[in-house]
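Engineer: The following comprises the amino acid sequence and a computationally predicted model.
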Amino acid sequence: MTAPVVVLVGPPGSGKSTVGRVLADRLGVAFRDTDADIELLAGKPIPEIFVDEGEPHFRELEVRAVRAAAETHPGVLALGGGAVMAEATRELLHGLPVVFLEVALADAVKRVGLDAPRPLLAINPRARWRELMDARRPLYLEVATAVVDTQGRTPEQVADAVLEAL
Ligand code: S3P
């Protein structure tokens, strides 16, 4: 069993994938993103999984993807923003270095608007993001071994802060 050197958690738009790639580069290890693993498992993009099979099915695939990656990926691992909602996932993260990337709504919305489509933020994204964050912030804090504020920082600066926090 090989564990990730760091796991990144945080809401959509916190920069997990961008920062994760920079970090992986710096550390000379591979980057892995459970959203991409889920798309491979399902053979379709995430918005289609939500439409065709529903969110509960997506969450089952997500627990499987996190388990596989947490047990075998020796690099940097980014989780989808909602992964921490599953107790099984929170348990899988015990004992691993987990960094919560904090982000303010305005920054997150800017990034999410430019990025891949998120089914949970398709309608009224600002209000939805706030609701999701209210529900999930305690869970990010529960699994995190360190918290890094991304406010006003470039992905390179956030990666530096993550490395310092490890
Ligand atoms: C989700 C976040 C997405 C993706 C899916 C559900 C969520 O990942 O897993 O759309 O529940 O917040 P990102 O956090 O990478 O956007």
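Structural biologist: Structure's in. What do you need? Residues are numbered from 1 along each chain as shown.

Engineer: how close does Glu48 get to the ligand?
Structural biologist: According to CB to the nearest ligand atom, to the nearest Å, Glu48 and the ligand sit 11 Å apart. All C-beta atoms are positioned from the backbone trio N, CA, C, and that covers glycine.

Engineer: Oops, could you answer that again for Val162 instead?
Structural biologist: Look at Val162 and the ligand: by CB to the nearest ligand atom, they are 16 Å apart.

Engineer: Does Asp107 touch Thr150 like I think?
Structural biologist: Yes - counting by CB atoms under 8 Å, Asp107 touches Thr150, with 6.9 Å between them.

Engineer: what about the helices in the chain?
Structural biologist: For the chain, the helices defined by DSSP state H cover 16-27, 34-42, 46-53, 55-72, 87-92, 105-114, 125-143, 155-165.

Engineer: which of the ones you listed sits most buried?
Structural biologist: helix 16-27 (a mean of 20; mean count of other CB atoms under 10 Å).

Engineer: just to revisit the earlier point, rank the helices of the chain by pLDDT, which is bottom?
Structural biologist: Lowest mean pLDDT within the helices of the chain: helix 105-114, a mean of 79.

Engineer: what does that helix rub up against?
Structural biologist: Applying CB atoms under 8 Å, 6 or more residues apart in numbering, the contact partners of helix 105-114 are 11-15, 103, 118, 121, 125-126, 129-130, 133, 150-151.
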